[in-house]
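*Asks:* output the structure for:
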Amino acid sequence: MKALKFLSLFLIVGALAAFKGIEPAAGGYKVGDIAADFSLKNVDGKKVSLKDFKKAKGYIVVFTCNHCPYAQAYEDRIIALNKKYSKLGYPVIAIQPNDPSKVAEDSFENMQARAKEKGFDFPYLMDEGQKVFPQYGATKTPHVYILEKTAKGNEVKYIGAIDDNYEDAKAVKVKYVENAVDALLKGKEITVKETKAIGCSIKA
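*Replies:* Residues are numbered from 1 along each chain as shown. Model (predicted):
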């Protein structure tokens, strides 16, 4: 009898977690999963959550950092993405996932300095305790997750790289993130829903 009650309780808890979209699949979110919200400290010292963006249609969540040369190579492109799409309902939400005790360049103070130096006009959040990036399954900086607000919640629509050439923005042939957001804005299916993120390994 006790075993039966335990099994019933286990099934109920599992069903509730799945319904709320809180428990990501093993290895992080997959396309089609519902991403849970978070509350992380921005470089201005204030907490930021996805729900704060009332008029957003979705989000371009980018795991990035200060020290990684790949992340640095993409900074101007990330700024350009926010400039183009925030006004269309898809703001950039940048998250720094590295443990600053392992990478001093990625400390909160250095994040503040970098954001000021580059003129970031989007949130640059510290994943304190490295709790959010494992939920997403992010492994690199940069690593992008495009979310769309749906009746079910913030649905993951794209995972991967920003484009196909980290070395030279002028030599890019395929703009994965732009193509994906453009498709969502037109109500069309995204052609390429997942690509391999190229960057530095997250230090946790």
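
*Asks:* which other helices and strands contact whichever strand or helix holds Leu81?
*Replies:* According to DSSP states H and E, Leu81 maps onto helix 69-85. On a contact count with 3 or more C-beta pairs under 8 Å, 6 or more residues apart in numbering; DSSP states H and E, helix 69-85 meets strand 58-63, strand 92-96, strand 140-141, helix 176-185, strand 200-201. Where you see a C-beta, it was placed from the backbone N, CA and C, and this is true even at glycine.

*Asks:* average pLDDT for that helix?
*Replies:* For helix 69-85, mean pLDDT is 98.

*Asks:* in the chain, which spans are strands?
*Replies:* 34-35, 40-42, 47-48, 58-63, 92-96, 124-126, 140-141, 143-150, 153-160, 200-201 (DSSP state E).

*Asks:* so what touches the second one?
*Replies:* If I follow you right, that is strand 40-42. With C-beta atoms under 8 Å, 6 or more residues apart in numbering as the test, strand 40-42 has contacts from 47-49, 95, 108, 123-128, 132.

*Asks:* now do 10 Å
*Replies:* 47-49, 93-96, 108, 111-112, 115, 120, 122-129, 131-132 (C-beta atoms under 10 Å, 6 or more residues apart in numbering).

*Asks:* within the sheet, what are the partner strands of it, with directions?
*Replies:* Next to strand 40-42 in the sheet, as set by DSSP bridges, lie strand 47-48 (antiparallel), strand 124-126 (antiparallel).

*Asks:* would you mind giving the ones you listed as JSON lines with mean neighbour count added?
*Replies:* As requested, the strands paired with strand 40-42 are exported to JSON lines (neighbours: other C-beta atoms under 10 Å):
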{"stretch": "strand 47-48", "mean neighbour count": "16"}
{"stretch": "strand 124-126", "mean neighbour count": "24"}
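
*Asks:* tabulate those (CSV), appending mean pLDDT and distance to Asp37.
*Replies:* What follows is the strands paired with strand 40-42, written out as CSV (pLDDT from 0 to 100; distance: least, C-beta to C-beta, whole Å):
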stretch, mean pLDDT, distance to Asp37
strand 47-48, 98, 10
strand 124-126, 98, 12
